[in-house]
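> quick check, what structure comes out for this input:
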Amino acid sequence: MNVLVLDDASAAPWGPPLLEHISLALEPGQILGLAGPNGAGKSSLLRLIAGDIPLGAGQLLLGGRRHGQWQRRRLARQLAYLPQLSLLNFPYTVEEVVALGRIPHDTGASVDREIASRVMAATDTSHLRDRLYTRLSGGERQRVQLARVFSQIWDGGPGGLLLLDEPTTALDLSHQQLVLDAVRHLAAGGCAVVLAIHDLNLVAGLAHRVAVLRQGSLAACGAPSEVFTEQLFRDVFDIEVLIRPHPERQQPLVIRR
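Residues are numbered from 1 along each chain as shown. Presented below is the predicted three-dimensional model:
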């Protein structure tokens, strides 16, 4: 069964349409990258899938069910969402913030501590365990928030869905790679992932499929090698690029002219 299905989905929660006629499906273990210029609808699509904004028309199914058919606690075990901006101003320790991701689960304190340790290792935040979240740098906060959502979905297995909006923001190159490795680990366990990243070469190296949005509509969807063409970048991004094979990996390389 598909983890996620959108069939002619549209959303207009505040009047003008944010999203129109979006159709796509995601299987367990697949990683879908969202691409498009600023304001194209990437964050809106993630918010729609997460249930933050209502569906206006069409259909959206998570594990074969509409949002309203899920019991909230059970859905929180299956779906984790990290928006671009995560506001947390309470003086929690890093370990306490990460533990927030385990609230929907009934796995017990010892299991929750073990999972927290794993996700902190995966995000290089173990050494920050006892630090106050409010005293961290921007990049450290981002990694802690990633650890929190990873802990929520880490043991979900096939059928889980992870939504990430610009997860590599404020991260240096080594920590970007660490986070992408953790995403691959989750996908290998059957978790489906939808993420928006502005660095399209990162998307090309990570995602099984890419959905390109333009003004709230789907401009293209498919494997990166099929979707990333010089013509698409002219039409959607209004920029001239060269598309070349990566010298070491089986992925397209986007080079700005």
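
> ok, D52 - contacts?
Counting by CB atoms under 8 Å, 6 or more residues apart in numbering, D52 makes contact with Y81. Heads up, the C-betas are built off the backbone N, CA and C, glycines and all.

> one more: L61?
Applying CB under 8 Å, 6+ apart to L61 gives the contacts N2, L4, V5, L6, D7.

> tell me the spacing between the closest residue to the second one other than its chain neighbours and V5.
Spelled out, it's L4. Nearest non-adjacent residue to L4, counting by CB to CB, 6 or more residues apart in numbering: L26, 4.1 Å away. L26 is 8 Å from V5, where distance means CB to CB, to the nearest Å.

> more neighbours: those two, which one.
L26 (21 against 17; other CB atoms under 10 Å).

> please report phi then psi for the more buried one.
The phi and psi values for L26, taken as degrees, to the nearest 10, are phi -140, psi 130.

> now do A204
phi -60, psi -30.

> the nearest residue to R249 once chain neighbours are set aside in helix, strand or coil?
Of all residues not flanking R249 in the chain, G205 sits nearest, at 6.3 Å (CB to CB, 6+ apart). The three-state label given to G205 by DSSP: H, G, I helix; E, B strand; the rest coil is helix.

> for P17, same thing?
P17 ends up coil, using three-state DSSP.

> cool, the one 3 residues further on as well?
Following three-state DSSP, the label given to E20 is strand.

> neighbours around it, how many?
E20 has 18 nearby residues by other CB under 10 Å.

> number the chain from 39, please
All right, first residue 39 from here; so that's E58.

> give me the mean pLDDT for the host helix or strand of A249.
Per DSSP states H and E: A249 is located in strand 247-252. Taken as a whole, strand 247-252 has a mean pLDDT of 97.

> hmm, S155 is touching T161, no?
No. With contact defined as CB atoms under 8 Å, S155 does not reach T161; the gap is 11.3 Å.

> the two - which one has more neighbours?
Neighbour totals were compared for S155 and T161, and T161 leads with 25 against 15 (other CB under 10 Å).

> tell me the contacts of that one?
Contacts of T161 (CB under 8 Å, 6+ apart): R181, V182, L184, A185, F188, H213, L216, V217, A220.
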